[in-house]
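Visitor: need a 3D model of the sequence below.
(chains A, B and C)
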Amino acid sequence: MPELPEVETVAGDLRDRLLGLAIAGATVNWHRTIAQPSVSEFKRLVVGRRVCSISRRAKYVVIELDRGYLLVHLMMSGRLYVVPAGEPQHDHLRVVLYLDNGQQLWFQDTRKFGRIYLVDDLLEVTAGLGPEPLAEDFTVDDFCRQLASRKGRLKSLLLNQQFLAGLGNIYADEALFAAQLHPLRRADSLTQAEQARLYDAIRAVLRSAVQGRGTTLSDGGYTDAFGRAGTYQGRLMVYGRGGEACLRCHTAIERIVVGGRSTHYCPNCQAA
DNA sequence: AAAGCACCCTGTACGC
DNA sequence: TGCGTACAGGGTGCTT
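Guide: Predicted coordinates for the structure are as follows:
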């Protein structure tokens, strides 16, 4: 599932291939993919705009245009590809943007949950999002203060994009394992040392996953913008390993449901 | 503030 | 073999 590292990877892949190109037209096969504005407005307004930069905010690919922004949220199954003209259509192709060099930007999305926004101001979409965990101005002091003010469970809090932007189910579980913290611990119950451990763990896990170009699970959901798998699935310690031996202590990994999300942890390494 | 739930969707994995 | 059903996932919106 695309989380921060996967979106970062896709954004980087697209950067070299899209920078400076103009959009010549758009086809929308699934109307609900276009979140904002209406499909007809989107098709009209996007034409002629040029790609100025490509970055990531939370789990959004941010395509800065010479006027406004194109934001893409891949959700669970969205994929972005740049393909040459004449490429035969694939299944689940929801949106095509035609580029002025003849190539096409494809948005493929099996489950139809992904969304594309065309907005004048980035904040129309990103205003409510929490801090970027890998940003330089995201300090351990800020994080500790925020943690101490929350009574919720760690797992739910890490998935809350208003609290912290970019973590999803995989990296939340991996970060909690790396910090040796139980997913059901109340955020305000952490000692200073535990707070700092969680801060370090989140950043270390995310950096490592970015470096590994993300996680491609056996269901094949995520690939980069070239259709290639990531490598971090080989480094997962707990996610998807329910019933298997902990790689650190050999205790059986537990799988529970927290806030409706499957949650994996080692009951020995991450004692309550 | 936090937790629980339904909803959005489809492919996959299961039981019969 | 083929059908039906449960389930996974992130985010939003609603209720408690």
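Visitor: enumerate every residue touching the closest residue in space to A:Gly25 that isn't next to it in sequence.
Guide: In space, not counting the residues next to it along the chain, A:Gly25 is nearest to A:Tyr98; the distance is 4.3 Å by Cβ to Cβ, 6 or more residues apart in numbering. Placement of C-beta: from N, CA and C, glycine included. Neighbouring residues of A:Tyr98 by Cβ atoms under 8 Å, 6 or more residues apart in numbering: A:Ile23, A:Ala24, A:Gly25, A:Ala26, A:Thr27, A:Gln104.
Visitor: okay, now the fifth one: neighbour count?
Guide: Spelled out, that is A:Thr27. 12 (other Cβ atoms under 10 Å).
Visitor: contact partners of the helix or strand harbouring it?
Guide: Using DSSP states H and E, the element containing A:Thr27 is strand A:23-28. If you take Cβ under 8 Å, 6+ apart as the criterion, strand A:23-28 is touched by A:34, A:39, A:42-43, A:46-51, A:65, A:94-100.
Visitor: could you rerun that using 7 Å?
Guide: For strand A:23-28, the surrounding residues in contact (Cβ atoms under 7 Å, 6 or more residues apart in numbering) are A:34, A:39, A:42-43, A:46-49, A:95-100.
Visitor: the next helix or strand after it close to DNA strand B?
Guide: Proceeding N to C from strand A:23-28, the next assigned helix or strand is strand A:34-36, under DSSP H and E. No - between strand A:34-36 and DNA strand B, judged by Cβ under 7 Å from any atom of the strand, nothing touches; the nearest distance is 11.8 Å.
Visitor: now do strand A:34-36: which elements does it pack against?
Guide: When contacts are defined as 3 or more Cβ pairs under 7 Å, 6 or more residues apart in numbering; DSSP states H and E, strand A:34-36 packs onto strand A:115-119.
Visitor: quick one: A:Ser94 is in a strand?
Guide: No, residue A:94 isn't Ser; it's Arg. Yes - when classified by DSSP: H, G, I helix; E, B strand; the rest coil, A:Arg94 is found to be part of a strand.
Visitor: relative to A:Trp30, how far out is it?
Guide: 4 Å (Cβ to Cβ, to the nearest Å).
Visitor: who's more crowded, those two?
Guide: A:Arg94 (21 against 15).
Visitor: list the buried residues of the helix or strand hosting A:Ser40.
Guide: Using DSSP H and E, A:Ser40 falls within helix A:39-46. Residues A:Phe42, A:Lys43, A:Leu45, A:Val46 are the ones in helix A:39-46 that count as buried (16 or more other Cβ atoms under 10 Å).
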